[in-house]
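1. Fold the following and give me the result.
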Amino acid sequence: MSVRRDDGRHVSVLLNHTIVWCRDPQVSATFLAQTLGLPTPTRFGPFLVVELANELSLDFHETGGEISSQHYAFLVTEDEFDAIFGRITGQGLEHWADPGMSRSGEINRNDGGRGVYFPDPDGHLLEILTRPYGSGSPA
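-> Numbers count the residues shown, from 1 in each chain. Sure, this is the predicted structure:
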């Protein structure tokens with residue numbers, strides 16, 4: 001996979017990993033892996049690593065400092081959405097149809113797919129969606 005630069009040349013730059021700051025890596029990484037139906041996190045140095053399908057990992061690292069809420073969005077299939085949403089509601093997690101968290105208890109139908117936002121244990125706003133933004137019909 002590559003993208004075309006403004007000068008017409010192609011480059012293939014992929015995001016490999018990002019650090020997710022948290023209070024307790026075991027709690028946060030396990031929460032994400034179990035909720036999304038991913039493999040058990042693995043240790044790499046001070047990190048607990050959650051592997052995603054596109055060669056990207058989220059590397060959970062403990063901090064005693066303030067945690068600024070981040071947003072992590074996961075593109076999933078329709079079947080995966082059903083399974084994940086079932087785990088979200090089964091855990092009694094709050095969820096919203098929008099990032100402003102004004103449509104509580106709802107999902108959205110953006111681009112002809114489905115999407116929902118929910119919090120992780122450290123206040124990061126997680127999202128699952130079945131269609132990339134701008135890929136289909138308006139909500």
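2. Walk me through the domains of the chain.
-> Domain segmentation of the chain under automatic domain parsing yields 1-62, 70-139.
3. Now render the ones you listed as a markdown table, adding mean neighbour count.
-> The way it works is simple: take the backbone N, C-alpha and C, and place the C-beta from them, glycine included. As requested, these are exported to a markdown table (neighbours: other Cβ atoms under 10 Å):
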| stretch | mean neighbour count |
| --- | --- |
| domain 1-62 | 14 |
| domain 70-139 | 15 |
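4. Include mean pLDDT when you put these into CSV, please.
-> Below are the domains of the chain laid out as CSV (pLDDT from 0 to 100):
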stretch, mean pLDDT
domain 1-62, 93
domain 70-139, 95
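5. so where do the strands sit in this structure?
-> Applying DSSP state E to the chain gives strands spanning 3-4, 10-11, 17-22, 42-44, 47-51, 57-62, 71-75, 115-119, 125-129.
6. can you list those strands in JSON lines and add distance to residue 88?
-> Compiled in JSON lines, the strands of the chain are given as follows (distance: least, Cβ to Cβ, whole Å):
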{"stretch": "strand 3-4", "distance to residue 88": "33"}
{"stretch": "strand 10-11", "distance to residue 88": "37"}
{"stretch": "strand 17-22", "distance to residue 88": "18"}
{"stretch": "strand 42-44", "distance to residue 88": "24"}
{"stretch": "strand 47-51", "distance to residue 88": "17"}
{"stretch": "strand 57-62", "distance to residue 88": "18"}
{"stretch": "strand 71-75", "distance to residue 88": "12"}
{"stretch": "strand 115-119", "distance to residue 88": "5"}
{"stretch": "strand 125-129", "distance to residue 88": "8"}
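7. For residue 93, which of those is the nearest?
-> Residue 93 lies closest, by Cβ to Cβ, to one member of these: strand 115-119, at 5.0 Å.
8. Next, report how far the closest one is displaced from the centre of its chain.
-> The chain centre lies 9 Å from the centre of strand 115-119; the measure is Cα atoms, centre = their mean, to the nearest Å.
9. between it and strand 125-129, how big is the angle?
-> Strand 115-119 and strand 125-129 are oriented at 160 degrees to each other (axes from the mean of the first three to the mean of the last three Cα atoms, to 10 degrees).
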